[in-house]
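Asks: coords please:
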Amino acid sequence: MRFLPAQAKWSLAIVLFLSLTPPVRTQDKHLAQAEQLYAQRPDLSRVRRAISLLNEVVKNDPENYEAFRRLAKYYHFLGDHVKDEDEKKDVFEKGIGAGKRAVALQPHKADGHFWLAANYGSSAEYRSFLTRWRIVKPMREELEAAIRIDPRHENGSAYALLGKLYAEAPGLFGGDLKRGIEYGEKAVEIGPDNSLAKLFLAESYFRAGRKSEAKRLLEEILAMSPDKGYEFEFTENQQEARRLLKEKFK
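Replies: Sure thing, here's the model as predicted:
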């Protein structure tokens, strides 16, 4: 039997090692690039490119939690901002799929649960009446899981979304306006600088006929400053606050 010289053995080992490591390095690079592109999300073409990079990552590494939880987040943003209704439905369904995969991979991390719930919620508008409200239970379960893991996740946004869910769902499907307001108030307590939490709570106050409290929150949103990195979302929330003030207080 012939044996390779020591130098040849080391050369072969290095070749084998390098053949395995580039995909990992490429995936890390794609994750970083995707994050940079998402930071420019007002341009939806950048979001689409980020999603494409992440899909390439999960194709080569189907166990990559970071890629799946980002996909759920990016799909949610894209679905909320594309115009075509059929595309919205498709994007949110992809977001749900990515969120489910993230939760399966890392059930003890809040991000997967939160973004799965967010995609459930945003997809509801594009479902039939019965199908729409059937997602209340799984959405609630995901938000409760996120809260158990990290009550302060996304600056109280899990509580805010749970409050919105309870406030808007029919009683037949578990809706409870009083509980929705309680969760919304908890969200604002955790994140007093969370403009989305204040917006959701203001909407719940309107439902309960508490117009003066709703008005106070909307005016607070207009007086706030955005968190760094969330300027685009903050501008959208301010625009909605102005719209509600104009509509409700003519």
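Asks: what mean pLDDT does stretch 178-192 have?
Replies: Average pLDDT, stretch 178-192: 97.
Asks: and the contacts of it?
Replies: Contacts with stretch 178-192, where a contact means Cβ atoms under 8 Å, 6 or more residues apart in numbering, come from 151-152, 155-160, 162-168, 194, 197-198, 200-201, 204-205, 208, 217. C-beta coordinates here come from the backbone N, C-alpha and C atoms, glycine included.
Asks: residue 203: how many residues sit nearby?
Replies: Residues near residue 203, counting by other Cβ atoms under 10 Å, number 20.
Asks: quick one: what helix or strand has it in it?
Replies: Counting by DSSP states H and E, the element that carries residue 203 is helix 195-207.
Asks: now the element after the helix or strand bottoming out on mean pLDDT in the chain, going C-ward?
Replies: Sorted by mean pLDDT, DSSP states H and E, the helices and strands of the chain end with helix 6-38, the least confident at a mean of 66. Remark: after helix 6-38, the chain's next helix or strand is helix 44-60, criterion DSSP H and E.
Asks: what is the mean pLDDT for the helix holding residue 203?
Replies: Helix 195-207 comes out with an average pLDDT of 98.
Asks: what are the buried residues along that helix?
Replies: 195, 196, 197, 198, 199, 200, 201, 202, 203, 204, 205, 206 (16 or more other Cβ atoms under 10 Å).
Asks: using CSV, lay out those together with distance to residue 106.
Replies: Shown next, in CSV, are the buried residues of helix 195-207 (distance: Cβ to Cβ, whole Å):
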residue, distance to residue 106
195, 29
196, 25
197, 25
198, 30
199, 30
200, 27
201, 30
202, 34
203, 32
204, 31
205, 36
206, 37
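Asks: relative to residue 243, which of those residues is nearest.
Replies: residue 199 (10.5 Å; Cβ to Cβ).
Asks: now do the contacts for the residue lying closest to residue 220 once chain neighbours are set aside.
Replies: Nearest residue to residue 220 in three dimensions, chain neighbours excluded: residue 198, at 6.1 Å (Cβ to Cβ, 6 or more residues apart in numbering). Residues near residue 198 by Cβ under 8 Å, 6+ apart: 188, 217, 218, 220, 221.
Asks: and those residues, which of them are buried?
Replies: Buried members of the contacts of residue 198, scored by 16+ other Cβ under 10 Å, are 188, 217, 218, 220, 221.
Asks: among those, which are located in helices?
Replies: Those of the buried ones among the contacts of residue 198 mapping onto helices are 188, 217, 218, 220, 221, per DSSP state H.
Asks: including distance to residue 73, could these go into JSON lines?
Replies: What follows is those, written out as JSON lines (distance: Cβ to Cβ, whole Å):
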{"residue": "188", "distance to residue 73": "22"}
{"residue": "217", "distance to residue 73": "26"}
{"residue": "218", "distance to residue 73": "27"}
{"residue": "220", "distance to residue 73": "26"}
{"residue": "221", "distance to residue 73": "23"}
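Asks: and the two most separated of those residues?
Replies: Spanning the widest gap among those are 188 and 218, at 12.7 Å by Cβ to Cβ.
Asks: poorly predicted segments of the chain, please.
Replies: Applying pLDDT under 70 to the chain picks out residues 1-24.
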